[in-house]
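Q: structure, please.
(one chain, ligands or ions: 1)
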Amino acid sequence: MAAGTGLDTVVRARRAVVGGVEKPVAVGVRDGRIVAVAAYDDLAAAEVVVLADDEVLLPGLVDTHVHVNEPGRTDWEGFASATRAAAAGGVTTIVDMPLNSIPPTTTVAALEEKWAVAADQVWVDTGFWGGAVPGNVADLAPLHEAGVFGFKCFLLDSGVEEFPHLAPDELADAMAETSRIGSLMVVHAEDADEIAACAHGTAYRDFLESRPDVAEERAISLVIDTARRTGARAHVVHLSASGAVPALRAARAGGVEVSVETCPHYLHFEAATIADGATELKCCPPIRGAANRDALWQALADGDIDLVVSDHSPCTADLKLRETGDFADAWGGIASLQLGLPIVWTGARERGVPLTDVVRWMATAPARRVGLSGKGEIAVGADADLCVFAPDEEWFVDPAALHHKNAVSPYAGRTLTGTVRATWLRGRPVDLSAGPRGRLLRRGVPR
Ligand SMILES: [Zn+2]
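A: Predicted coordinates for the structure are as follows:
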């Protein structure tokens, strides 16, 4: 059969990000998959969608760092609200973190509980991380077989008592097991010994100084050493301290299989302009200074940081303690699932970084790192998950337009550049006034 016959839909775009470059294309879709990528005027179908001249066709984004919190802390966030926010932000696949829900995803029974709750209410495709905690090494292989995309662990207090952290010898045992079963270990890397108690009060400086760069650098050294000794594949989540980049680069050059992500807030904000009492900007590790922010952008440009994901970590508004502005006791976490693309694109554009790089960091690289085949690219055989993006349109962030459950946002009132006009999931636009069509994704199970 010739390309172009028997298509359900053709999407024509004067600008599209395909294979790492921007070019005009026609994308042919059949049964929810991309079956042809051709020249702009090629292909025919009963339904033809033509993008406007100010729009760029991107693959749907893949956000591998999302805390949904359901069941157990569903007042913080839930599958319906989180995945609506994702869809509104051009994100077509999320991978849910194992903690802040109760139970945490540290056993197959807990994973099954999450599946049961999530089924029928996800607006985008949703996969799951398992958790590695003290005493559950024997649970890792069954969780891997059940379909988690890897395991998350902490090297210091996670903030919730039902998800304790691993001591260095426990990390080694867990990584020996993830190496044996061929899974990926993702690590919250801060060293407790380098972290001081944060003084009570509204001063951001006190919070920042309580969690210095060296805490990340030391913990990342431990991750690198452990990966080297066990042969495990490792991934460092939410890098803030750019000072850890040389060690990561050297480790990779030496054959250690370690990757690293950063997050939109570390690329957007800088410590000197964080107002006292602005606890909506509390997160761990903390947002650091302007020179550090510039170094993170440079590390992305150099390929030393692999990907950018949200670390969407919401809570109820009261837990941010805005009335007292006390950084010591406020919950740490920033909810930005819906805003990631405009935040990162706004900064990239200012720095002359092309949209193709942003797509690699936020779609292609995260999908590949966790083994999500058929996601994160516009290519024959991939799911027709698409994002229609208007990169030159400026807009104000109005918290009332955010779909996540508690509309606390440090981006409220900010001007961003680039709007998501439409999000397509498996060949059709997501319609938030209709019903959810997302699927639960399991590692190794054909889509
Ligand atoms: Zn997180």
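Q: can you map out the strands along the stretch 201-350 of the chain?
A: Assigned by DSSP state E, counting those that start in this stretch, the strands in the stretch 201-350 of the chain fall at 233-236, 258-262, 307-308.
Q: and of the ones you listed, who's closest to Val91?
A: strand 307-308 (12.0 Å; CB to CB). No exception for glycine: its C-beta is placed from N, CA and C like everyone else's.
Q: contacting residues around the closest one?
A: Contact with strand 307-308 is made by 64, 259, 261-264, 267, 300, 340, 344, 358, 361-362, 365-366, 369, as judged by CB atoms under 8 Å, 6 or more residues apart in numbering.
Q: show me where pLDDT drops low in this protein?
A: Counting by pLDDT under 70, the ranges of the chain that qualify are 1-5.
Q: what's the angle from the helix ranked longest in it to strand 258-262?
A: What stands out as the longest helix in the chain, according to DSSP state H, is helix 213-230. Angle, helix 213-230 to strand 258-262, by axes from the mean of the first three to the mean of the last three CA atoms, to 10 degrees: 150 degrees.
Q: quick one: helix 213-230 to chain centroid distance?
A: Centroid separation for helix 213-230 versus its chain: 22 Å, with CA atoms, centre = their mean, to the nearest Å.
Q: again, but for stretch 421-433
A: With CA atoms, centre = their mean as the basis, stretch 421-433 stands 20 Å off its chain's centre.
Q: which parts of the stretch 1-150 of the chain are strands?
A: 9-18, 21-30, 33-38, 47-50, 56-59, 61-66, 91-96, 125-128, 130-131.
Q: can I get the first one in PDB? Just the C-alpha atoms.
A: C-alpha atoms of strand 9-18 as PDB (Å, rounded to 0.1, in the frame of the first residue of the first chain):
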ATOM      1  CA  THR A   9      -5.900  12.000   9.400                       C
ATOM      2  CA  VAL A  10      -3.200  14.100   7.900                       C
ATOM      3  CA  VAL A  11      -1.700  17.000  10.000                       C
ATOM      4  CA  ARG A  12       0.200  19.600   7.900                       C
ATOM      5  CA  ALA A  13       2.600  21.900   9.600                       C
ATOM      6  CA  ARG A  14       4.900  24.600   8.000                       C
ATOM      7  CA  ARG A  15       7.100  24.100  11.100                       C
ATOM      8  CA  ALA A  16       7.500  20.800  12.900                       C
ATOM      9  CA  VAL A  17      10.200  19.300  15.100                       C
ATOM     10  CA  VAL A  18      11.000  16.000  13.500                       C
END
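Q: show me what contacts the nearest residue to Leu58 once chain neighbours are set aside?
A: What sits nearest to Leu58 in space, not counting adjacent residues and going by CB to CB, 6 or more residues apart in numbering, is Cys387, at 4.3 Å. Cys387 makes contact with 57-61, 90, 92, 341, 420, 422-424, according to CB under 8 Å, 6+ apart.
Q: please consider this matter closed, and thank you.
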